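Asks: For reference, the sequence and a predicted model appear below.
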Amino acid sequence: MARVWQAGRERLADECRRPPSGTLSTDSGKVYLVGAGPGAADLLTLRAARLIESAEAIVYDRLVGEDILALLPRGCERYYVGKARGHHSVPQAEIGSLMVRLAQAGKRVVRLKGGDPGIFGRMGEELAALAEAGTPVEIVPGITAASGAVAAMGMPLTDRAHAQQVRFITAQACREDQVLDWRGLARRDETLVFYMGLSRVETICQGLTGAGLPSDWPIMLIANASLPQQQSLVGTLADMPQRLVANPLPSPCLIMVGSVVAMANDLVGRETTAAAR
């Protein structure tokens, strides 16, 4: 059995090293919009890992960690274009122009984004810039942060007893000049996941309770999902703003609302009981 397991590992390693047929072995002057997953390097897809290992230029965001960047080949050109709240290192239009310029120079360009590039990753704007310039492009999906976070917590996003649907929302829509449909979001049969919402926790809690969810409805914050430094904070819509003040979390942070959060509480309770034995 050990020999079979080892052989399987060696075959998988060979697969990771081999260029995907019909793409990397022949293509140049092309942009790949690649999802880097929730953070951990071993949660990259095989295709993403192959592309990173064969890139000639990489344009990457702040959520791409050093473990992933360590896969880049020697001599690969690196361009950091990360965005943080209140600070954009490179305007979005310049990112598009940079990718076009690198591809027109005949380079295989990996545009590396945290999570999945199609979920709150401004991929549409980048696709438009590439299409306008006639630049060949391929999209490589990744594991989105919500999936990585709940997997690390040992819980589902949906469950027959808790939530029959899940909704992803950008917390950037909680700004004063925009109003979310809080009544439409205040459902007890679904899980809500707010991305990029650490500074909007109080607004989210007030919006959902004002629209009808009970004040004791479960909410959880997860920072650095899937990484060794992952942290979580569980509470209710009534007490989470105060909990966060007392226990600050770093960005990036996901906000999950729904009764599935109770399953995370059960998990913490089981771990505490086991540790006490």
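Replies: Thanks, I have it. Numbering: from 1, shown residues only.
Asks: What residues sit buried inside stretch 54-65?
Replies: 54-61, 63-65 (16 or more other C-beta atoms under 10 Å). C-betas here are computed from N, CA, C, even on glycine.
Asks: which element is residue 125 on?
Replies: Using DSSP states H and E, residue 125 sits within helix 123-132.
Asks: ranges for the helices of the protein?
Replies: In the chain, the helices defined using DSSP state H lie at 2-17, 46-53, 66-69, 92-104, 123-132, 145-153, 182-185, 201-210, 240-246, 261-276.
Asks: Check those for me and report the most buried one.
Replies: Of all the helices of the chain, helix 145-153 carries the top mean neighbour count, a mean of 22, counting by mean count of other C-beta atoms under 10 Å.
Asks: Contacts for it next, please.
Replies: 37-40, 43, 114-115, 156-157, 166, 168, 193, 195, 220, 222, 225-226, 230, 232, 252, 254, 256, 260, 264, 267 (C-beta atoms under 8 Å, 6 or more residues apart in numbering).
Asks: Whichever of those end up buried, select them in ChimeraX.
Replies: In ChimeraX syntax, the buried subset of the contacts of helix 145-153 is picked out as below (16+ other C-beta under 10 Å):
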select :37,38,39,40,43,114,115,156,157,166,168,193,195,220,222,225,226,230,232,252,254,256,260,264
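Asks: now, which of the contacts of helix 145-153 lie within strands?
Replies: Within the contacts of helix 145-153, residues falling in strands by DSSP state E are 166, 168, 193, 195, 220, 222, 232, 254, 256.
Asks: For residue 219, give its distance to residue 129.
Replies: Residue 219 sits 37 Å away from residue 129, going by C-beta to C-beta, to the nearest Å.
Asks: about what we covered before: please name whichever of the helices of the chain is nearest to residue 110.
Replies: Evaluated over those, closeness to residue 110 peaks at helix 46-53, with 5.4 Å, by C-beta to C-beta.
Asks: now that closest one, how far from the chain's geometric center?
Replies: The chain centre lies 17 Å from the centre of helix 46-53; the measure is C-alpha atoms, centre = their mean, to the nearest Å.
Asks: Quick check: which helices or strands does that helix pack against?
Replies: The criterion is 3 or more C-beta pairs under 8 Å, 6 or more residues apart in numbering; DSSP states H and E, and the helices and strands that helix 46-53 contacts are helix 2-17, strand 30-35, strand 108-113, strand 137-140.
Asks: can you give me the angle the second one makes with strand 108-113?
Replies: For strand 30-35 against strand 108-113, the angle by axes from the mean of the first three to the mean of the last three C-alpha atoms, to 10 degrees is 20 degrees.
Asks: And strand 30-35, what does it pack against?
Replies: On a contact count with 3+ C-beta pairs under 8 Å, 6+ apart, strand 30-35 meets helix 46-53, helix 92-104, strand 108-113, helix 123-132, strand 137-140.
Asks: Out of the ones you listed, which gets nearest to residue 205?
Replies: Nearest of these (C-beta to C-beta): strand 108-113, 28.7 Å.
Asks: hmm, who's touching that closest one?
Replies: The contact list for strand 108-113 (C-beta under 8 Å, 6+ apart) reads 24, 27-36, 51-52, 54-61, 63-64, 68, 99, 102-103, 117, 121, 123, 126, 142.
Asks: picking up where we left off before, dump the helices and strands packed on strand 30-35 to TSV, plus mean pLDDT and distance to residue 150.
Replies: Below are the helices and strands packed on strand 30-35 laid out as TSV (pLDDT from 0 to 100; distance: least, C-beta to C-beta, whole Å):
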stretch	mean pLDDT	distance to residue 150
helix 46-53	97	21
helix 92-104	95	30
strand 108-113	97	20
helix 123-132	96	23
strand 137-140	98	22
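Asks: Would you format those as TSV with distance to residue 83 included?
Replies: Below are the helices and strands packed on strand 30-35 laid out as TSV (distance: least, C-beta to C-beta, whole Å):
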stretch	distance to residue 83
helix 46-53	20
helix 92-104	9
strand 108-113	11
helix 123-132	12
strand 137-140	20
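Asks: Would you tell me which of these gets closest to residue 236?
Replies: Nearest to residue 236, of all those, is strand 108-113, at 32.9 Å by C-beta to C-beta.
Asks: Note down every partner strand of that closest one and its orientation.
Replies: Strand pairing for strand 108-113, determined by DSSP bridges: strand 30-35 (parallel), strand 57-60 (parallel).
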